[in-house]
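S.K.: What shape does this take:
(one chain, ligands or ions: 2)
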Amino acid sequence: MLVQELAAKVQQPPSRYVQPEQYHPVSLAVSAEKPDPIPVIDLSRLLAADGADDEGSKLRLALESWGLFLVDNHEIETSLMDDLINASREFFHLPLEEKQKCSNLIDGKHFQVEGYGNDPVASKDQTLDWLDRLHLRVEPEDERNLVHWPEHPKCFRALLHQYILNCKRIKDCILRAMARALGLEEDYIVAQFSNKAPSFARFNYYPPCPRPDLVFGVKPHSDSGVLTILLMDKDVGGLQVLKDGGDDGVWYDVPIVPGALLVNVGDAVEVLSNGFFKSPVHRVMTNQERERVSVAMFYRLDPEMEIEPAAELVDERQPKRYGKTKSKDYTTRLFETFARGWGHEPMEPSSTRSGGPES
Ligand SMILES: O=C(O)CCC(=O)C(=O)O
Ligand SMILES: [Fe+2]
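M.R.: Ligands and ions are numbered 1, 2, ... in the order given. Below is the predicted model of the structure:
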C-alpha cells in the first residue's frame, strides 16, 4: 500500500513500519551542536580554485569529516528549484489513478526500479519506511523511459530536463575539484564514467507520520554511487547525518539553507579515494504535522565497471583499504543490507560498503 494512502487512514503506524526497539529514531543520540558546521561551498569560487586555496581546502575538509556539504552560487535559478519541488508535490497530490500511470509495478505485481510507488521489499521481516517515491532513470538520455515520466503537471518533464542539465554541470565541477583535492589528475573521477553510466532522479514524498519516534522516513544508509545531489524541501527538515560512524556516532540535523543544494559522496568515492573521503551515513526523520518532499539525483558508474582505490592514494602508510569490486555488486549488497534494517556496515579492509534506498 502507498504510504500516502495509509497516512490518510491510520492513527497509528502499522507494525511493519515500526522500528525494532534498538533502532528507534529517538533512542539514538541526536545533537543540535555541531563540532564544525556543515560547510557551505561556493561553486564559482571552487571552479576558480587551484586546490590550494580556501574553497578547495574547505571541500577537502568537508569530505574528510562529514562526507557532505552544501553548495551555493551554483547558477541554478531559485525559480527552477522551487518549480521542480512544487511540480513534484503536485504530482504526489494527483489522484491515485493518475499517478498509477507511472507505476513501478508490472501488471500490478512485479516490482521494477523505475516508476512511482513503494520502495522495493526484500523480505516480509523488513521494516518499511514512511515514504513513497517516483524513481526515474534520467541518463543516458537516449535510454529514458518516458512511460514512467509524469505527464501531469504539464511542466514536470521540461522542468526535470532543465534541472538534470544543471546538475550534470555541477556534478562534473565537483568531481574535478574532488580529484584535485585528493591530489589526483583533475579528470580522474570524471573519467570513470562511461557513456553508459546511469543517473537517476528520485522524488521522495514523506506524508505526515503519527509516530516520528518509532518510524523512519528513510532508515540509516549510505548512498552507493559516486555522488548524490539533493534538493530539499525549503520548509520541512528531517535529514540527519551520522558523524564519526560506528555505534558511538552522533546524529546531526542537516540545516536548510535557502537556495543551496546538498552534495554527498557515495560509497564508490570512498573506495576510489581509499577512504580519505567518507560516504556519510544519513537518515530521514518523519514529521507529525507536515509532509516533506525532496529530489535526489544519483550518479552511478556503469554497472560492469570495476572500481578500486586510486593507485596514487595507496602506499605503505596508507595501505589499500578496499578490494576491487564491480559497481553492480554494490547495488546488490546495498539492497540486502538496507532491507535488513541498517543500510550500512562498518568498513573492513578489502570489503565494500553498502546502503541506500536508491535501487
Ligand atoms: O529526503 C532526503 O532528504 C534524503 C533522501 C535520501 O537519503 C535518499 O533518497 O537516498
Ligand atoms: Fe540517501
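S.K.: In contact with the closest residue to Leu214 other than its chain neighbours, which residues?
M.R.: In this structure, Leu214 finds its nearest non-sequential neighbour in Val18, 4.8 Å apart by Cβ to Cβ, 6 or more residues apart in numbering. C-beta: built from backbone N, CA, C; applies to glycine. Contacts for Val18 (Cβ atoms under 8 Å, 6 or more residues apart in numbering) come out as 127, 211, 214-215.
S.K.: likewise Lys326?
M.R.: Applying Cβ under 8 Å, 6+ apart, the residues near Lys326 are 303-306.
S.K.: and those residues as CSV, adding neighbour count?
M.R.: As requested, those are arranged in CSV below (neighbours: other Cβ atoms under 10 Å):
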residue, neighbour count
Pro303, 15
Glu304, 10
Met305, 17
Glu306, 11
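S.K.: can you tell me which two in those residues are farthest apart?
M.R.: Pro303 and Glu306 (10.6 Å; Cβ to Cβ).
S.K.: For the contacts of Val18, give me a markdown table that also has neighbour count.
M.R.: As requested, these are exported to a markdown table (neighbours: other Cβ under 10 Å):
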| residue | neighbour count |
| --- | --- |
| Thr127 | 18 |
| Arg211 | 17 |
| Leu214 | 22 |
| Val215 | 23 |
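S.K.: Go back to the residues you listed and keep what's next to ligand 1.
M.R.: Taking Cβ under 6 Å from any ligand atom as the test, ligand 1 is in contact with none of the contacts of Val18.
S.K.: tell me the two of those residues that are most distant?
M.R.: Taking Cβ to Cβ, no two of the contacts of Val18 sit farther apart than Thr127 and Arg211, at 12.9 Å.
S.K.: after the longest helix belonging to the chain comes which helix or strand?
M.R.: Longest among the helix segments of the chain by residue count, using DSSP state H, is helix 156-181. Next along the chain after helix 156-181, taking DSSP states H and E as the criterion, comes strand 199-206.
S.K.: Counting by contacts, list what that next one packs against.
M.R.: Applying 3 or more Cβ pairs under 8 Å, 6 or more residues apart in numbering; DSSP states H and E, one finds that strand 199-206 makes contact with helix 3-9, helix 78-92, strand 132-139, helix 156-181, strand 216-221, strand 292-299.
S.K.: Quick check: Gly225 vs Gln192, distance?
M.R.: Distance of Gly225 to Gln192, computed by Cβ to Cβ, to the nearest Å: 11 Å.
S.K.: shared neighbours, these two?
M.R.: Taking Cβ under 8 Å, 6+ apart as the criterion, Gly225 and Gln192 both touch Leu301.
S.K.: out of the two, which sits in the more crowded spot?
M.R.: Gly225 (26 against 19; other Cβ atoms under 10 Å).
S.K.: give me the element that one is part of.
M.R.: For Gly225, there is no enclosing helix or strand under DSSP H and E.
S.K.: Would you mind writing the CA trace of stretch 149-161 as PDB?
M.R.: This file holds the C-alpha atoms of stretch 149-161, laid out as PDB (Å, rounded to 0.1, in the frame of the first residue of the first chain):
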ATOM      1  CA  TRP A 149       7.700  10.300 -16.500                       C
ATOM      2  CA  PRO A 150       4.600  12.100 -15.300                       C
ATOM      3  CA  GLU A 151       2.500  13.900 -17.900                       C
ATOM      4  CA  HIS A 152       1.000  15.900 -15.100                       C
ATOM      5  CA  PRO A 153       1.600  18.500 -14.000                       C
ATOM      6  CA  LYS A 154       2.300  19.600 -17.600                       C
ATOM      7  CA  CYS A 155       5.500  21.400 -16.700                       C
ATOM      8  CA  PHE A 156       7.100  18.400 -15.000                       C
ATOM      9  CA  ARG A 157       9.100  16.900 -17.800                       C
ATOM     10  CA  ALA A 158      10.500  20.100 -19.100                       C
ATOM     11  CA  LEU A 159      11.500  21.300 -15.500                       C
ATOM     12  CA  LEU A 160      13.200  18.000 -14.800                       C
ATOM     13  CA  HIS A 161      15.100  18.000 -18.100                       C
END
